[in-house]
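K.L.:
here is the input, now give the coordinates:
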Amino acid sequence: MGSKYFCAKSNGKLDYGHTILTGFGFLAASIAWAIYDPYITKILNHLLSNSTVVNTWSTKLNESIPFLARLAAAQGENVNLASGGITLVPLFIGIIMTFDNIFGVIFQPAFGKLSDRCHSKLGKRRPFIVFGAPICALLFALIPFAANGGSLPLTMTFIILFVFVMSLWRAPVVALMPDLTPPELRSEGNAVINLMGGLGGLIGMIAGTIVTIIYQLITGVNITSSNESRIFPYVFLIGSVVMIIGMLVVLLKVKEPDSRLRAVSEQNMAMDEQARAAAEKEARKKEKAERKAQKLSAGERKSLVFMLLGLFFLFCGTNAITTFFALFAAEILHFATSQATILMAIFAVCSAAAALPAGKMGKKLGRKKTIIIGLSIFIAAFVVFFAIFNVMIAKDGFSMGTFNTTNKSYIAVTEEINNYNDTHNLKDDALVNMESYIKYLNGESMSDTEMQKYEAFDKEITANGFSFDGLISSANSQLGLNLTENDRGEALNAVSGALDKIIKIMKILIFPVLILGGAANMFITVNTLPLVLEIGGVEKVGTFTGYYYTATFSAQIASPIVYGVVAMLSGTYLSLFYYSPIAFVLSVLCIFIVKHGEAIPQNVIDKIEEENAD
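P.N.:
You can find the predicted model right below:
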């Protein structure tokens, strides 16, 4: 005789095959979010930077608050140029990137409760997945098409609808495994579900690289950070297809009990159910009164407040990294989004590899010490990277502000080259490249065909209003040159050489930062919830779980906006490397003050983590 639970065998052990099938729903949700953060920030950066409204507001802000223009000038920004001064783009990106968390807080619990009361042939959870996942897949696939069409309002419409519909089925897909698994096996089942979620995230992170390789092989067009938008529809399509596959697996292969039968049974036993509900209500009232009587001491309250503050600052730091890393990689490392997501995949793999050691360290050394060790590794890795960067640019006479300005002026030229190649659909020998363009500008010898090619390119960008003023200004002020408009090739060559040797080293150094950061992230993540619960004790597990998620969700809503302001004022996404360490230092200082806590049984912690997965 088989088990009444789909994810359990008749011998009382977990059915791994069935649990993996159940996990396809979570895999479908995970791939969407793995693509969403890096690619949506790049899409928004492009659309907002080219928005007349946003640029007008930025100009008015600089004019109405002269301090901002002076701040930009102090950082090396040429405020006399049309693009000079503070821009509102990072702030608006931060605001928009909070929508998924805001919708999650507002709508996710509501749809979770609706699924609890759902009675259908497909069960309680699957109707929400079967309805929500295909709509999300469609909306997800439409986002890059709207963006490539240049419509900010239409893109925002699809983004808002997508995050809303995602909140419709996220809670039911998380609740599906616990419904189909006996309580004693849920911890084991949760590990399988998280593995499926991690697989979905990994597929999302490497999707851009897979698409780039295939696209370049088929078309012969080189994909760079400037023309990568042409592959975005295919990357999002991979996410949409996986969402549909995940939904179909859950629909066709996962056997969730017909909840209508349960409804009829419940109706037949209505009187007993009412009596039971009344008794439970009375018991809850009594339990609530007992908990109220068990007040925390002043010291315990202090520990709780500082632990929650520590969590808030911790998640502020990590959320900024996951949200804005692709923009940092594009600006400082000159990476395309597909390359940035590979870096994040390395971070994720290192986190996963450190999960078991992190749990063991927490038990052996104590959770508080393990968290502080993890934060210290994070801080050290980021600070060392930032320090090496500053030493390197200082050797070449740059400050962070002037490096940022010079870098932007160089990126502007590379974008013109890539856009020209993209617009004219050039391939192989017909491609315009930086090295040959510099030779053309310097009047060096080249074939008539090459000369005509670069002459056509130069005329086109000049006719479109592109100016070398910023690049020449940077070459003169930072590299000690005395160049004019007629020396564009020399200016471009000097700036290219100065930036190239710095960026090559930074591209290497980012790998140990992400490897160490990934491991440190798991040292922290595995031990934070248990430490919060230990402050309240076994009797207040539910209350303190609520405190934990309030602190973390608050940070995930606040941090994109706060960091958006930091990036706006600093003018560079390199500010991640001092924003996040500052947040982590504040977190460490708060956690140092936490003095209270008692051991919570591991099975209680496992149960809480299962109920709040995702």
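
K.L.:
mean confidence score for stretch 400-413?
P.N.:
Stretch 400-413 shows a mean pLDDT of 84 in the predicted model.

K.L.:
my error: substitute stretch 574-592 in the last question.
P.N.:
91.

K.L.:
what's the distance between it and the middle of its chain?
P.N.:
18 Å (C-alpha atoms, centre = their mean, to the nearest Å).

K.L.:
same thing with stretch 357-372?
P.N.:
The answer for stretch 357-372 is 26 Å, by C-alpha atoms, centre = their mean.

K.L.:
how about residue 553: what's its closest non-neighbour residue?
P.N.:
residue 105 (5.5 Å; C-beta to C-beta, 6 or more residues apart in numbering). Glycine gets a C-beta too; all of them are placed from N, C-alpha and C.

K.L.:
burial of residue 377, as a residue count?
P.N.:
18 (other C-beta atoms under 10 Å).

K.L.:
now it: which helix or strand?
P.N.:
For residue 377, the element it lies in under DSSP states H and E is helix 367-395.

K.L.:
let me see the mean pLDDT of that helix.
P.N.:
Rounded mean pLDDT across helix 367-395 is 89.

K.L.:
also stretch 234-252?
P.N.:
Stretch 234-252 comes out at a mean pLDDT of 94.

K.L.:
could I have the CA atoms of that stretch written out in CSV?
P.N.:
Coordinates of each C-alpha in stretch 234-252 appear next as CSV, following Å, rounded to 0.1, in the frame of the first residue of the first chain:
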residue,chain,number,x,y,z
TYR,A,234,16.5,35.1,-26.0
VAL,A,235,17.8,35.2,-22.4
PHE,A,236,14.3,36.1,-21.1
LEU,A,237,12.8,33.5,-23.4
ILE,A,238,14.9,30.8,-21.7
GLY,A,239,13.5,31.9,-18.4
SER,A,240,10.0,31.8,-19.8
VAL,A,241,10.4,28.4,-21.3
VAL,A,242,11.8,27.0,-18.1
MET,A,243,8.9,28.5,-16.2
ILE,A,244,6.4,26.8,-18.6
ILE,A,245,8.3,23.5,-18.3
GLY,A,246,8.3,23.7,-14.5
MET,A,247,4.6,24.4,-14.5
LEU,A,248,3.8,21.5,-16.8
VAL,A,249,5.9,19.1,-14.6
VAL,A,250,3.9,20.2,-11.5
LEU,A,251,0.6,19.9,-13.4
LEU,A,252,1.2,16.6,-15.1
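
K.L.:
chain center to it, what's the gap?
P.N.:
Relative to its parent chain, stretch 234-252 has a centroid offset of 20 Å by C-alpha atoms, centre = their mean.

K.L.:
need the contact partners of it.
P.N.:
Applying C-beta atoms under 8 Å, 6 or more residues apart in numbering, the set of residues contacting stretch 234-252 from outside is 21-22, 24-25, 27-29, 31-32, 34-35, 39, 122, 126, 129-130, 133-134, 136-138, 140-141, 143-144, 173, 176, 200, 203-204, 207-208, 210-211, 215, 338.

K.L.:
one more time with 6 Å
P.N.:
Stretch 234-252 has contacts (C-beta atoms under 6 Å, 6 or more residues apart in numbering) with 21, 24-25, 27-28, 31-32, 35, 129-130, 133, 137, 140-141, 144, 207-208, 211.

K.L.:
the residues you listed, buried ones only, as a PyMOL selection?
P.N.:
Here is the PyMOL selection string for the buried members of the contacts of stretch 234-252, based on 16 or more other C-beta atoms under 10 Å:
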select buried, resi 21+24+25+27+28+31+32+35+129+130+133+137+140+141+144+207+208+211
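
K.L.:
any regions of the stretch 451-600 of the chain where pLDDT drops low?
P.N.:
Applying pLDDT under 70 to the stretch 451-600 of the chain flags residues 529-530, 532-546, 596-600.

K.L.:
what are the boundaries of the helices in it?
P.N.:
469-479, 488-536, 541-570, 576-593 (DSSP state H, counting those that start in this stretch).

K.L.:
buried ones in the third one?
P.N.:
Buried residues in helix 541-570, counting neighbours by 16+ other C-beta under 10 Å, are found at 541, 544-545, 547-548, 551-564, 566-568, 570.

K.L.:
domain ranges for this protein?
P.N.:
The chain breaks down into these domains under automatic domain parsing: 1-259, 401-501.

K.L.:
in a markdown table: the ones you listed, plus distance to residue 327.
P.N.:
Converted to a markdown table, those look like this (distance: least, C-beta to C-beta, whole Å):
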| stretch | distance to residue 327 |
| --- | --- |
| domain 1-259 | 5 |
| domain 401-501 | 12 |
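
K.L.:
show me what contacts residue 422?
P.N.:
residue 227.

K.L.:
give me the angle between the helix or strand in which it is found and helix 367-395.
P.N.:
In this assignment (DSSP H and E), residue 422 forms part of helix 400-423. Angle, helix 400-423 to helix 367-395, by axes from the mean of the first three to the mean of the last three C-alpha atoms, to 10 degrees: 80 degrees.

K.L.:
in helix 400-423, which residues are buried?
P.N.:
400-418, 420-422.

K.L.:
thanks a lot, see you next time.
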